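K.L.:
got a structure for you, letters missing:
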Ligand code: ADP
């Protein structure tokens, strides 16, 4: 089975969040089941600079305002198709915006082009390559199923995966004429959305199947509270909507062999985490001491509940725990956290920025990871926490609720507990979760058991990859039946 994956991010080439981890790890997991994945990604300058091979397989004299070439490349076990279109992707800044964080004004054109090329490859544009199924990820590739449906490859099954419904790619109606879609596509059951063009909406409407990254989030997005305006459409398509929880790449995230850790360890050598804890203390200028270190590795946004953490800082410090925070995002939240760190010197440490290596050290050295998200499609940091024995303290929502078993008395007694869930996302509930975690930490035998239970949890891709294989097979059966 041949799958064409279309995505704006893929680890280890280009990552701003969990999407990249998923699109980077899933092909490897599917490969083990005999499914071959090729991934179409934009040729950002950083990506082109790291390409291993460079064989052009498709050329456009004019694609959205300039010439473009699709090149084959391999990296880290991944088969890539890179869309080299300098007028769209050769820029200084991030994949979606400039260095000051403002979105590129022509994102509709950049990702419209990516989607169009994906659909044309689905239709056989590359000689000798015809994927059986196309798998699109998030709004940036969500026009792919629409282009396929409106002529490029109507008989090829497509899957639209939503990693976060909050990002929808909505643009004015004026762009429609430049997309090269037939006029009939500008309708309520096509790409039209509240008078404009909705990329994610178009993908949800056009794809043969829709998936999101946890069963609970798949239910939540059918309600007005979480549906972000798309709940009506998602309810109409409920029969084709599946929730498949993410796994993690357990070779990249392996505490027993992680080159980014000062000290490696296993569930049998938990005491060896101490050297990592010392390293975290040093890096975050925290006092040394016996108490727990809680950590956060996150985009600093309202979604992630970081404002609630800001209002809880005094209470957290009052428990005697220390707090290490790594993240970047809203300027106001960054400033508030830095002010909190200045006020609670030695007790709260904040590093603003994106630092993959440091995130490993924190999972390997801190005692608990806080994820107080208001909504969370799947969440990955709690999965890394499980794998590293950094016990998760989580809001009971979306994938967070699906991946951790709350350490209530019964679960502790049965030996199945893996973390602490709280709700709603308020300072009071967060503090309750933290208090429960700290109480468990003060009982070393219970805490060690909890850590071991965490590290035993199956967070690998194997089970979820099989669910994608089953879905792909069912779509091929639908096509052929
Ligand atoms: P989202 O995709 O919504 O940001 P996820 O929990 O699904 O949230 O994935 C976040 C990913 O990005 C994880 O791999 C996490 O470790 C990583 N990450 C987030 N912020 C940082 C940061 N400041 N430095 C390093 N890694 C980060």
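P.N.:
Thanks, I have it. These figures come from a predicted structure and were not determined experimentally.
K.L.:
now residue 396: how far from residue 224?
P.N.:
Going from residue 396 to residue 224 by Cβ to Cβ, to the nearest Å gives 19 Å. (Glycine included, C-beta is placed from N, CA and C.)
K.L.:
who's more crowded, those two?
P.N.:
residue 396 (17 against 9; other Cβ atoms under 10 Å).
K.L.:
Let me know the pLDDT of the more buried one.
P.N.:
For residue 396, the model assigns a pLDDT of 98.
K.L.:
Am I right that it is in contact with residue 419?
P.N.:
No: with contacts counted by Cβ atoms under 8 Å, residue 396 stays clear of residue 419, the gap being 10.5 Å.
K.L.:
any shared contact partners between those two?
P.N.:
Counting by Cβ atoms under 8 Å, 6 or more residues apart in numbering, the contacts common to residue 396 and residue 419 are residue 406.
K.L.:
what's the closest non-adjacent residue to the single nearest residue of the chain relative to the ligand?
P.N.:
Going by Cβ to the nearest ligand atom, the ligand is nearest to residue 18 of the chain, at 2.4 Å. Leaving out its chain neighbours, the residue that sits closest to residue 18 by Cβ to Cβ, 6 or more residues apart in numbering is residue 380, at 4.5 Å.
K.L.:
give me the number of residues near the one you found?
P.N.:
Number of residues near residue 380 (other Cβ under 10 Å) recorded here: 24.
K.L.:
Residue 264 too?
P.N.:
Around residue 264 there are 18 other residues, counting by other Cβ under 10 Å.
K.L.:
Quickly run through the sheet partners of the helix or strand where residue 83 lies, with directions.
P.N.:
According to DSSP states H and E, residue 83 maps onto strand 78-84. If you go by DSSP bridges, strand 78-84 pairs up with strand 36-42 (parallel), strand 68-75 (antiparallel).
K.L.:
For the longest one, the averaged confidence score.
P.N.:
So the one you mean is strand 68-75. Strand 68-75 comes out at a mean pLDDT of 95.
K.L.:
Centre of the chain to that strand, how far?
P.N.:
Put simply, strand 68-75 sits 24 Å off its chain's centre (Cα atoms, centre = their mean, to the nearest Å).
K.L.:
how about residue 153, what does it touch?
P.N.:
Residue 153 is in contact with 119, 122-124, 134, counting by Cβ under 8 Å, 6+ apart.
K.L.:
Please repeat the previous calculation with a cut-off of 6 Å.
P.N.:
Residue 153 makes contacts with 119, 122-123, as judged by Cβ atoms under 6 Å, 6 or more residues apart in numbering.
K.L.:
Now pLDDT and secondary structure too, for these, in CSV please.
P.N.:
Shown next, in CSV, are those (pLDDT from 0 to 100; DSSP: H, G, I helix; E, B strand; the rest coil):
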residue, pLDDT, secondary structure
119, 98, helix
122, 98, helix
123, 98, coil
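K.L.:
ChimeraX command to pick out the buried ones of the residues you listed?
P.N.:
What follows is the ChimeraX syntax for the buried subset of the contacts of residue 153, where burial is set by 16 or more other Cβ atoms under 10 Å:
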select :119,122,123
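K.L.:
isn't residue 156 right next to residue 123, touching?
P.N.:
No: if you go by Cβ atoms under 6 Å, residue 156 and residue 123 don't touch, sitting 7.5 Å apart.
K.L.:
Is residue 327 in a helix, a strand, or coil?
P.N.:
Classification of residue 327 using DSSP: H, G, I helix; E, B strand; the rest coil returns strand.
K.L.:
Please spell out the segments of the chain that come in under the pLDDT threshold.
P.N.:
The chain contains residues with pLDDT under 70 at 53.
K.L.:
Kindly report the residues of it close to the ligand.
P.N.:
By the rule Cβ under 6 Å from any ligand atom, the part of the chain lying against the ligand is 17-18, 21, 164, 297-299, 326-328, 354-356, 359, 378-381.
K.L.:
now with 8 Å?
P.N.:
Proximity of the chain to the ligand, by Cβ under 8 Å from any ligand atom, involves residues 15-21, 163-164, 213, 246, 297-299, 303-304, 326-328, 351, 353-356, 358-359, 371, 376-382, 384.
K.L.:
one step back: immediately after the strand holding residue 83, which helix or strand?
P.N.:
Per DSSP H and E, the first helix or strand lying C-terminal to strand 78-84 is helix 86-89.
K.L.:
Give the buried residues for the helix or strand residue 232 falls within.
P.N.:
Using DSSP H and E, residue 232 maps to helix 231-236. Within helix 231-236, the residues scored as buried using 16+ other Cβ under 10 Å are 231, 233-234.
K.L.:
before we move on, what about stretch 259-274?
P.N.:
Across stretch 259-274, burial judged by 16+ other Cβ under 10 Å covers 261-265, 270, 272-273.
K.L.:
What about those residues, which are in helices?
P.N.:
When the buried residues of stretch 259-274 are checked against helices (DSSP state H), there are no matches.
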